[in-house]
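Enquirer: With the sequence up front, the predicted model follows.
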Amino acid sequence: MDGAGGRGERGRRAARPAASRGRGAARGAARSASRGRGAGDSPGRAATRGAPRRDGPTAQRGRPARRASAGSGLPAGPAAGGGEPPPARRGRAAAARAPAARNRAAVPDGAVAAPVVPRRPPSAAGALRLREVLSRLSLGRQDVSEASALVNQVVSHLIQAIRSTDGSFSSIERLGAGSYYERVKISEPNEFDIMLVMPVTRLQLDECDDTGAYYYLTFKRNPKEKYLLKFLDEDGKLSALKMLQALREIIKREVKNIKNVEVTVKRKKAGSPAITLQIKNPPAEISVDIILTLEVQQSWPPSTQDGLKIEQWLGRKVRGEFRNKSLYLVAKENKKEKVLRGNTWRLSFSHIEKAMMNNHGSSKTCCESDGPKCCRKGCLKLLKYLLEQLKMKYTKELEKFCSYHAKTAFFHSCVMWPNDTDWHLGDLDYCFQRYLGYFLDCLQKSQLPHFFIPQYNLLSLEDKASRDFLSRQINYQLNNRFPIFQERY
């Protein structure tokens, strides 16, 4: 056998003759007999690792630490994907689960490589505490049922009214997006994202900055969608501002006709692509973001060519299927423009993100009712909760950060550690620290590439003070076993 199990068995056979010389001598003999092992490797871990790849992640499970992250301000420790695995995972169990290095995905172009993470050794007690936190974050079934029923009632009424009131929006379709529909919503079912999708046959996309995410839209020749011509600006560009204003007016009128539910439309937030509804659900309220979305039936633009590097995680075929889906654009102001005219649109991949979240395993049965369970979503929920708690405590300092930063880092982590065995449910503490370490390294390097548009860096270079502040706060939480998880605000 040439698999991990076969190498582990040979290691055990080699160790038996040395038993009389003591465990230390046996380990030394096994190490010297294994090509390429470092001085700090144990036989079990070295056997499962195989020869390291230069183009793969720089830190993998079971690899000893080389050095601390430059500038981290913390002592050297185990690597993000390495360090001592939990004692219960050593030996045969670890060898059986640990994937060979050749199965690791290469770091995507422009992405931050897997970091060297200062971290405490994982422990069964730490994993137990994190599982307790996750159990508190789970949504109550009754609460979910009541909240979703209210949202469905309101949104269904509005869609019917929008279609019949203005011919411009007669073709809209509803698409649930965001954390609730991706099943990573935490704490309460009090926020919903609803995309109102309008199909458009073909548009010309012209980049309006160097991010590759924002575009001006114009029609080629005479469009089939004549009803959209009234939303063109003086330069012939499709105006996001005009379309949003028209949709907002319809919704503001129509919410008054909704019976048995108290609904209000919140004031427009500058630069936001959403029309936000507030639904009374005593003793709380539910926020619903209505997002106008164009579905363009054409190829994705060149800026996306090197993104979505999921071949080693979800497979080449799945990537091809995703890239064959329609292109989505949402009405979003580009703040880099000197004069904000409201005629820019931003690429959206909410439909692809939802599909990846809900089919996240490298094996097709991961987290199904009768399949093996992983801790991927648990790790994402924990980081979302950590950011949420820190933002409540330091609102001004951390106002630039949002859950999309955590989500993007999550997707990159899934690519770096692509196998379901890299996210074993029993290794929650270990996996969360590894994922958190990657996010910390992104903060330190001011580099978090958009998962679909690698040239688009989500960490603005102008916000160094905010990044440093968040990095210090996360490091403090990491080194003190996350005291903020026990606090209440």
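Expert: Received, thanks.

Enquirer: Return the residues in contact with the residue sitting nearest the centre point of the chain.
Expert: Nearest to the geometric centre of the chain sits K407, at 2.1 Å (C-alpha atoms, centre = their mean). By C-beta atoms under 8 Å, 6 or more residues apart in numbering, the residues touching K407 are 353, 380. To be clear about C-beta, it is placed using only N, CA and C from the backbone, and glycine gets the same treatment.

Enquirer: That one: helix or strand, and which one exactly?
Expert: Assigned by DSSP states H and E, K407 falls within helix 403-416.

Enquirer: What's the mean pLDDT across the helix or strand just after that helix?
Expert: Per DSSP H and E, the first helix or strand lying C-terminal to helix 403-416 is helix 428-445. Average pLDDT, helix 428-445: 95.

Enquirer: any idea which helix or strand comes after helix 428-445?
Expert: Heading C-terminal from helix 428-445 (DSSP H and E), you reach helix 464-479.

Enquirer: got the angle for that next one vs helix 403-416?
Expert: Angle between the axes of helix 464-479 and helix 403-416 is 60 degrees (criterion: axes from the mean of the first three to the mean of the last three C-alpha atoms, to 10 degrees).

Enquirer: by contact count, what packs against helix 464-479?
Expert: Packing partners of helix 464-479 (3 or more C-beta pairs under 8 Å, 6 or more residues apart in numbering; DSSP states H and E): helix 376-393, helix 428-445.

Enquirer: hmm, 7 Å instead?
Expert: helix 428-445 (3 or more C-beta pairs under 7 Å, 6 or more residues apart in numbering; DSSP states H and E).

Enquirer: The closest residue to G271 other than its chain neighbours: how many residues sit nearby?
Expert: Ranked by C-beta to C-beta, 6 or more residues apart in numbering and with sequence neighbours excluded, the top spatial neighbour of G271 is E333, at 4.6 Å. Applying other C-beta atoms under 10 Å, we find 20 residues neighbouring E333.

Enquirer: Walking through the stretch 101-250 of the chain, point out its strands one by one.
Expert: 173-177, 191-200, 204-207, 214-218 (DSSP state E, counting those that start in this stretch).

Enquirer: Please tabulate those in TSV and include mean pLDDT and distance to E487 as additional columns.
Expert: Converted to TSV, the strands of the stretch 101-250 of the chain look like this (pLDDT from 0 to 100; distance: least, C-beta to C-beta, whole Å):
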stretch	mean pLDDT	distance to E487
strand 173-177	91	31
strand 191-200	93	21
strand 204-207	94	44
strand 214-218	94	38
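
Enquirer: just to revisit the earlier point, quick one: work out the angle between the helix holding K407 and helix 376-393.
Expert: 150 degrees.

Enquirer: buried ones in helix 403-416?
Expert: Neighbour-count burial for helix 403-416 flags 403, 405-416 (criterion: 16 or more other C-beta atoms under 10 Å).

Enquirer: Now tabulate the residues you listed in CSV and tack on pLDDT.
Expert: Converted to CSV, those look like this (pLDDT from 0 to 100):
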residue, pLDDT
S403, 93
H405, 96
A406, 96
K407, 97
T408, 97
A409, 97
F410, 97
F411, 98
H412, 98
S413, 97
C414, 97
V415, 97
M416, 96
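
Enquirer: For H360, state which of those is nearest.
Expert: C414 (6.8 Å; C-beta to C-beta).

Enquirer: what about the closest residue to the closest one other than its chain neighbours, which SS state?
Expert: Nearest residue to C414, sequence neighbours excluded (C-beta to C-beta, 6+ apart): W313, at 5.4 Å. State at W313, reduced to three classes by DSSP: H, G, I helix; E, B strand; the rest coil: coil.

Enquirer: Near W313, how many other residues are there?
Expert: Residues near W313, counting by other C-beta under 10 Å, number 23.

Enquirer: my read: it touches V415, true?
Expert: Yes: judged on C-beta atoms under 7 Å, W313 makes contact with V415 at a distance of 5.3 Å.

Enquirer: pLDDT weak spots in the stretch 1-150 of the chain?
Expert: Applying pLDDT under 70 to the stretch 1-150 of the chain flags the ranges 1-127.

Enquirer: tell me the contacts of L458?
Expert: 405, 408, 448, 450 (C-beta atoms under 7 Å, 6 or more residues apart in numbering).

Enquirer: Just the closest of the residues you listed to Y214, please.
Expert: Using C-beta to C-beta, the contacts of L458 come closest to Y214 at H450, 11.7 Å.

Enquirer: ok, now which ones touch that closest one?
Expert: Contacts of H450 (C-beta under 7 Å, 6+ apart): 213, 408, 456, 458.

Enquirer: got it, and S362?
Expert: 313-314, 418-420.

Enquirer: again, 8 Å this time
Expert: With C-beta under 8 Å, 6+ apart, S362 has these contacts: 313-315, 418-420.

Enquirer: Could you do F469 as well?
Expert: 394, 397-398.

Enquirer: Can I get those residues in CSV including pLDDT, neighbour count and distance to T165?
Expert: Below are those laid out as CSV (pLDDT from 0 to 100; neighbours: other C-beta atoms under 10 Å; distance: C-beta to C-beta, whole Å):
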residue, pLDDT, neighbour count, distance to T165
Y394, 95, 14, 44
E397, 94, 15, 44
L398, 94, 18, 41
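
Enquirer: For those residues, give me CSV that also has distance to L238.
Expert: Shown next, in CSV, are these (distance: C-beta to C-beta, whole Å):
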residue, distance to L238
Y394, 39
E397, 38
L398, 35
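
Enquirer: which one of those residues is nearest F219?
Expert: Once C-beta to C-beta is applied, the member of the contacts of F469 that ends up nearest F219 is L398, at 41.4 Å.

Enquirer: Look up the closest residue to that closest one, ignoring the ones flanking it.
Expert: K391 is the one closest to L398 (C-beta to C-beta, 6+ apart), at 4.8 Å.

Enquirer: and that neighbour, what does it touch?
Expert: K391 touches 398-399, 401, counting by C-beta under 8 Å, 6+ apart.

Enquirer: what's the closest of those residues to R472?
Expert: Out of those, the member with the shortest distance to R472 (by C-beta to C-beta) is L398, at 11.4 Å.
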